[in-house]
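Enquirer: coordinates only, no sequence provided:
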């Protein structure tokens, strides 16, 4: 075996200690809010059968699935002519029957159908796991990335839609981020179609509106004309997309113009939603009824959600919506559900850019014991055990013979805020020389004083040099 | 698309809410102990390049790797004759360049080498992630399973070996499990070879001793004869494997018979280890110097670790050891390291069998609000928000029109211990009718009383019916 320069597959990432800790800071806040609302964790296998995955994400999605080669002699039973033809697609079905999951929604639907007799509905689950897509990697787009989903299935109660708004507000509040929660309802977009007297081009309209943020109203209008909408229709569409006003006036406006069944149902649903979330939101968590919000994915049928940062331009950091029939494809029809998904990578980038990760997000040690001889090492080990009983993260530098500079550099590199040096003088007094790494200040302290300092106990008055 | 009966790949598992919560209970204890000792988290991609994985786990291991098909037209550039030959092995190298990780040790070594200039050594990392092996699935053996590793690399200090013993003791203490920590040193096994005058058959001896637990001393002796050891050698081996006594007498015994360089080094190391862990261990966490412990994996060169449950026969629930050269294969030689790996699935089974999962391991809601009308729902939602501010997990039943029995069954199914019913009478008093699901007892309480009850506040005296 020759030595090799190691690398990782393109589009994947290693997460070192600081990144994992910061990512977990975000994940733990999301998890805790999910659980406070009765959502419970689900974990599904990384590998799913290709029969479960194929055909669920469109033709393009099928291509982006990572497929796993069958184990053993995968060519043994393959038809000779398929091999001869070099037909990659036909061969695929004979040499691969598993793939990496592409999202968390299809595995969730698969799980619900497989366990429908054991589950109690409405079934609230959250799932925070990685997914894989063989997309061309580029800045901010990875082949392996986490999704942080919460979905509830088996009820069409708008209360559940409303609770998701509360959960979104709670998460971003706890993350100390200012965001705008954009809300709309797919039935209102259906109503827009009814209003302009168009029932066939629903998908075309949604696709065009979906681009509004990126290309502006004029380009959307141009695209609609290309797709066969007439100018009178486009004027009506514009009157809605351009409508300004608060939530109430938007609802009043729609009520005054919508007469179709779907549109009226949409208005009822959005009214009910805003009634139930009255009082949610504040100066930093803004909530909008956004008539221009469409969300591309085709299976949404009710409330749709999107969140953007008010401070950093980075696109949506959460998406979601209600769908009438998620499990039908697996044989369990008419199960309405609603769900959201936090965009972990982008939220991470927003917090990084705003420098809002708290120090407590880091998992580094709070103190490094530096013993000078064998006896001091023993004292250090015993002291460290006492500190750990108090839940204080600490370590003992393991090499007595290393140079002093190397030891302090180790603390600096690992961002350990204190070093506790123990030589024979300190041993004699059963104390440690505590050095604050940021200031260089040193002071002789006993163990209770050390514990108080590391616990941030102000009464200890470590910095009071007058005493 | 036709409807399909969904399934998951054999050897993989879904983990539902209760299982995830219980698994996280174990994982969180392991994580917290790792962090208390200065170990920090690392996460590596699920996919690694096959050049990183192949050849690291022996020929058998190469076969057990799950390989990922290249994306796009994976047959495009394949040599025609390789296809004609139906040569699965040769074709593999042209259609697959990535695989699922087989363990966490090789990705760790790869990470250390790739980031050697940014890391400060000794580098302490822990990693808790799933791994994949295309083994034949059977009871207790899965194709996807978690490993919970901690390793420190870049120092040969025995203090680090000793701290791992403390960490093991801390974890099993916090898990409330009685275990035996078996310790030995590979250099003592080398010394055994020196003692019997045999230097060529080191691996054969270790492989045989490794089977001692399963097949007994006589079968081990028979196997050794088969492998060319003579009876005088086997008597010497037996004298050591059968030696009974406490740690000190074992060390004295070895000192009296070992004269070779490796054996003496092994004795020094194990003496130093036991000095540093003096006082660790108690009636439920036993620590043994076990001369029969070998640990099969070939790269260990120093201390070796194994843990077994004292209450449940299930094999080892932790393994580990020191290795002199883990990163050499990736171009960074002479990095000594030591590490351990907790067996999550088996620990889960032990705790289940002993019924030792605490109630607090579950993430289920603590109370279900059941409002009877729209006003009550509003009151329920507001109350729920106040409870969540107090970190109490709760939900509001979302469907006003569902039958009462269905609502209580939902609470029962989800193991929610309390229901808070709100009808017009309760609304009038701004109270809830709190039902304890286990006893069926109901009582009218206001919100502060509800919060006190759910926080387990004894002074509230909920069960004191005399008042």
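Expert: Good, I have the coordinates. What you see is a predicted model, and the numbers here were worked out from it, not measured in a lab.

Enquirer: for the stretch 151-300 of chain A, which residues are neighbours of chain B?
Expert: Residues of the stretch 151-300 of chain A that fall close to chain B, judged by Cβ under 8 Å from any Cβ of the partner chain: A:155, A:157, A:159-160, A:162-163, A:166, A:170, A:276. For the C-beta atoms, the positions are set from N, CA and C on the backbone; glycine is no exception.

Enquirer: 7 Å instead?
Expert: A:155, A:157, A:159-160, A:276 (Cβ under 7 Å from any Cβ of the partner chain).

Enquirer: neighbour-wise, which of these leads?
Expert: residue A:160 (27 neighbours; other Cβ atoms under 10 Å in any protein chain shown).

Enquirer: just to revisit the earlier point, from the residues of the stretch 151-300 of chain A next to chain B, which land in helices?
Expert: A:159-160, A:276 (DSSP state H).

Enquirer: make a markdown table out of these and add distance to residue B:360 and pLDDT.
Expert: Shown next, in a markdown table, are these (distance: Cβ to Cβ, whole Å; pLDDT from 0 to 100):
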| residue | distance to residue B:360 | pLDDT |
| --- | --- | --- |
| A:159 | 28 | 98 |
| A:160 | 27 | 98 |
| A:276 | 31 | 97 |
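
Enquirer: so which of these comes closest to residue A:300?
Expert: residue A:160 (14.6 Å; Cβ to Cβ).

Enquirer: contacts (any at all) between chain B and the helix or strand bottoming out on mean pLDDT in chain A?
Expert: Lowest by mean pLDDT, DSSP states H and E among the helices and strands of chain A is helix A:80-84, with a mean of 79. Yes - Helix A:80-84 is in contact with chain B by Cβ under 7 Å from any Cβ, via residue A:83.

Enquirer: residues of that helix that come out buried?
Expert: For helix A:80-84, burial by neighbour count (16 or more other Cβ atoms under 10 Å in any protein chain shown) applies to A:82-83.

Enquirer: stretch A:287-297 too?
Expert: Those would be A:287-295, for stretch A:287-297 by 16+ other Cβ under 10 Å.

Enquirer: identify the farthest-apart pair in the residues you listed.
Expert: Pairwise over the buried residues of stretch A:287-297, using Cβ to Cβ, the maximum falls at A:287 and A:294, 18.0 Å.

Enquirer: can I get the buried residues of stretch A:287-297 in CSV including secondary structure, pLDDT and distance to residue A:243?
Expert: What follows is the buried residues of stretch A:287-297, written out as CSV (DSSP: H, G, I helix; E, B strand; the rest coil; pLDDT from 0 to 100; distance: Cβ to Cβ, whole Å):
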residue, secondary structure, pLDDT, distance to residue A:243
A:287, strand, 98, 17
A:288, strand, 96, 12
A:289, strand, 97, 10
A:290, coil, 95, 11
A:291, coil, 94, 6
A:292, coil, 93, 10
A:293, coil, 94, 13
A:294, coil, 91, 15
A:295, coil, 88, 19
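
Enquirer: list just the nearest of those to chain B.
Expert: Of all the buried residues of stretch A:287-297, residue A:287 has the smallest distance to chain B: 15.4 Å, by Cβ to the nearest Cβ.

Enquirer: contacts only, for the closest one.
Expert: A:165, A:181, A:183, A:277, A:280-281 (Cβ atoms under 7 Å, 6 or more residues apart in numbering or on different chains).

Enquirer: can we see that at 8 Å?
Expert: A:165, A:169, A:180-181, A:183, A:277, A:280-281 (Cβ atoms under 8 Å, 6 or more residues apart in numbering or on different chains).

Enquirer: that older thread, helix or strand right after the least confident helix or strand of chain A?
Expert: helix A:88-95 (DSSP states H and E).

Enquirer: which residues touch whatever helix or strand comes next after that following helix?
Expert: Counting by DSSP H and E, the element after helix A:88-95 in chain order, helix or strand, is strand A:96-100. For strand A:96-100, the surrounding residues in contact (Cβ under 8 Å, 6+ apart) are A:46-51, A:53-54, A:65-70, A:74, A:131-132, B:9, B:46, B:68-69.

Enquirer: show the buried residues in these.
Expert: Buried among the contacts of strand A:96-100 (16+ other Cβ under 10 Å): A:46-50, A:53-54, A:65-70, A:74, A:131-132, B:9, B:46, B:68-69.

Enquirer: just those: which are in helices?
Expert: A:50, A:53.

Enquirer: give me the subset of the buried ones among the contacts of strand A:96-100 lying in strands.
Expert: Counting by DSSP state E, those place A:47-49, A:67-69, A:131-132, B:68-69 in strands.

Enquirer: which secondary structure elements does the least confident helix or strand of chain A sit against?
Expert: Applying 3 or more Cβ pairs under 8 Å, 6 or more residues apart in numbering or on different chains; DSSP states H and E, one finds that helix A:80-84 contacts helix A:88-95, helix B:80-85.

Enquirer: what's the closest of the ones you listed to residue A:348?
Expert: From these, taking Cβ to Cβ, the stretch that ends up closest is helix A:88-95, at 35.2 Å.

Enquirer: and the strands in the stretch 101-250 of chain A?
Expert: A:123-132, A:144-153, A:179-185 (DSSP state E, counting those that start in this stretch).
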